[in-house]
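K.L.:
Return atomic coordinates for the entry below.
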Amino acid sequence: METKKSDIKTDVKSLNLCELTAYLESMGEQAYRAKQIYSWLHKRQAMDFDEMTDLSAKLRSRLKETCTASVLRPVEVLTSRIDGTKKYLFALADGNVVESVRMKYRHGNSVCISSQAGCRMGCRFCASTIGGLVRNLRPSEMLEQIYRIGADIGERISHVVVMGCGEPLDNYEHFVKMVEMLSDAHGLQVSQRNITVSTCGIVPQIYRLAERRLQITLALSLHAPSQQKRQELMPIADKYQLPEVLKACEYYFEQTGRRVTYEYSLIQGVNDTPEDARQLCRLFRGKNCHLNLIPVNPVKERPFMQPKTDVVTSFKNNLEKYGINVTIRREMGRDINGACGQLRKSFADKHE
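P.N.:
The predicted structure follows:
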């Protein structure tokens, strides 16, 4: 039976304060109620309208009839014995699952969240894209990953990385709204400077994001020093040439003043040679940027392997000789399917 439009409930956790105010006023409620409800949803992170005890019973009843407030349910939680990293598999209301990771650093708790169920970018070395894109996540579903992890560990989340399953800029409107709500003074108030978004390089959306002048860090999934090699690893390179992607990233830096990070997954025998390092030096010499080397996390469905430690170190040293700001990402959660998409794929295989 077809669902009537009037039967569709409003996802109030995806409404910003201005939208929530307008919604409450359309119900004939006073505007100040919006701040109360928003605080319950995003500061106190209520899981049910009945928890909102400073609202009248009548209003709570109306909210239950006309609205939903998305709450994610953990299906599986894995904790690394190596470094304490926690990986979460969350069930969405429609039965899809997404994964998130909490990493503990000296500077605080960092959470890596998903922006889509699945991904359509098709990067050859990534587990997230196996099976393609199912759907975009709503702002509430992205925020909920952060809220549920914070509640589970009983500590504040200070840093957020949108680098899990999915391409955030392929879900641009919902992603930007989530960032604005996450950094809002009426919500968790996570500093935008502590939020990072990773993209494989959707050029028009990078320009759109730059124009918003948010203070988030842009991380480009580069993974190759040349257009030809990038095309072999990342189908998105067929649509957007490497020079235009790099130009868009430079524009982002010009508009925001935020240094761009370039993510480079090192793959044995594919992009880890001294010549690859020399080509990277030619791309970035003299530029204000940061290069993050990531020894690829092997995925059983893919043939790619990590380079040996001495190869990784040599690659880094070659870049530093030419003044490139470079680090090797600390590997975390290796013993709990730490790579993006691995836990979700494992769950899907068990339930086929």
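K.L.:
Stretch 118-132 - what's its average pLDDT?
P.N.:
Taken as a whole, stretch 118-132 has an average pLDDT of 90.
K.L.:
again, but for stretch 248-265
P.N.:
For stretch 248-265, the per-residue pLDDT averages 97.
K.L.:
For it, C-alpha coordinates in PDB please.
P.N.:
Taking C-alpha atoms only, stretch 248-265 is exported to PDB below (Å, rounded to 0.1, in the frame of the first residue of the first chain):
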ATOM      1  CA  ALA A 248      40.000  23.100  -6.400                       C
ATOM      2  CA  CYS A 249      41.900  22.200  -3.200                       C
ATOM      3  CA  GLU A 250      44.100  25.300  -3.600                       C
ATOM      4  CA  TYR A 251      40.900  27.400  -3.900                       C
ATOM      5  CA  TYR A 252      39.600  25.800  -0.700                       C
ATOM      6  CA  PHE A 253      42.800  26.900   1.100                       C
ATOM      7  CA  GLU A 254      42.500  30.400  -0.400                       C
ATOM      8  CA  GLN A 255      38.900  30.800   0.700                       C
ATOM      9  CA  THR A 256      39.100  29.300   4.200                       C
ATOM     10  CA  GLY A 257      42.800  29.700   5.200                       C
ATOM     11  CA  ARG A 258      42.600  26.000   6.200                       C
ATOM     12  CA  ARG A 259      45.600  23.900   5.100                       C
ATOM     13  CA  VAL A 260      44.500  20.900   2.900                       C
ATOM     14  CA  THR A 261      45.600  17.400   3.900                       C
ATOM     15  CA  TYR A 262      46.300  14.900   1.100                       C
ATOM     16  CA  GLU A 263      45.700  11.300   2.000                       C
ATOM     17  CA  TYR A 264      48.000   8.800   0.200                       C
ATOM     18  CA  SER A 265      47.400   5.100   0.700                       C
END
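K.L.:
Quick check: Val101 is in a helix.
P.N.:
No: counting by DSSP: H, G, I helix; E, B strand; the rest coil, Val101 is not part of a helix but strand.
K.L.:
and the gap between it and Arg258?
P.N.:
To Arg258, Val101 is 23 Å away according to C-beta to C-beta, to the nearest Å. C-beta here means a position set from N, CA and C on the backbone, and glycine is covered the same way.
K.L.:
So between those two, which is more surrounded?
P.N.:
Counted by other C-beta atoms under 10 Å, Val101 and Arg258 do not tie: Val101 has more neighbours, with 26 against 18.
K.L.:
Pull the contacting residues for the closest residue in space to the more buried one that isn't next to it in sequence.
P.N.:
Leaving aside its sequence neighbours, Val101 sits nearest to Cys112 (C-beta to C-beta, 6 or more residues apart in numbering; 4.4 Å). Counting by C-beta atoms under 8 Å, 6 or more residues apart in numbering, Cys112 touches Ser100, Val101, Arg102, Met103, Val160, Val161, Val162, Met163, Gly164.
K.L.:
And the strands in the stretch 151-300 of the chain, which stretches?
P.N.:
157-162, 195-199, 217-221, 260-266, 289-295 (DSSP state E, counting those that start in this stretch).
K.L.:
low-scoring stretches of the stretch 251-352 of the chain, by residue?
P.N.:
332-352 (pLDDT under 70).
K.L.:
Do you have the helices of it handy? List them.
P.N.:
274-284, 309-320, 342-350 (DSSP state H, counting those that start in this stretch).
K.L.:
could I get those as CSV with distance to Gly154 and mean neighbour count?
P.N.:
Formatted as CSV, the helices of the stretch 251-352 of the chain follow (distance: least, C-beta to C-beta, whole Å; neighbours: other C-beta atoms under 10 Å):
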stretch, distance to Gly154, mean neighbour count
helix 274-284, 41, 17
helix 309-320, 36, 16
helix 342-350, 23, 18
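K.L.:
Between these, which one is closest to Leu169.
P.N.:
helix 342-350 (20.2 Å; C-beta to C-beta).
K.L.:
how close does Asn253 sit to Leu220?
P.N.:
Heads up, residue 253 is Phe, not Asn. Phe253 sits 11 Å away from Leu220, going by C-beta to C-beta.
K.L.:
Pull the contacting residues for the residue lying closest to Arg73 once chain neighbours are set aside.
P.N.:
Spatially, and ignoring its direct neighbours in sequence, Arg73 is nearest to Ala91 (4.7 Å; C-beta to C-beta, 6+ apart). Residues near Ala91 by C-beta under 8 Å, 6+ apart: Leu72, Arg73, Pro74, Val75, Val97.
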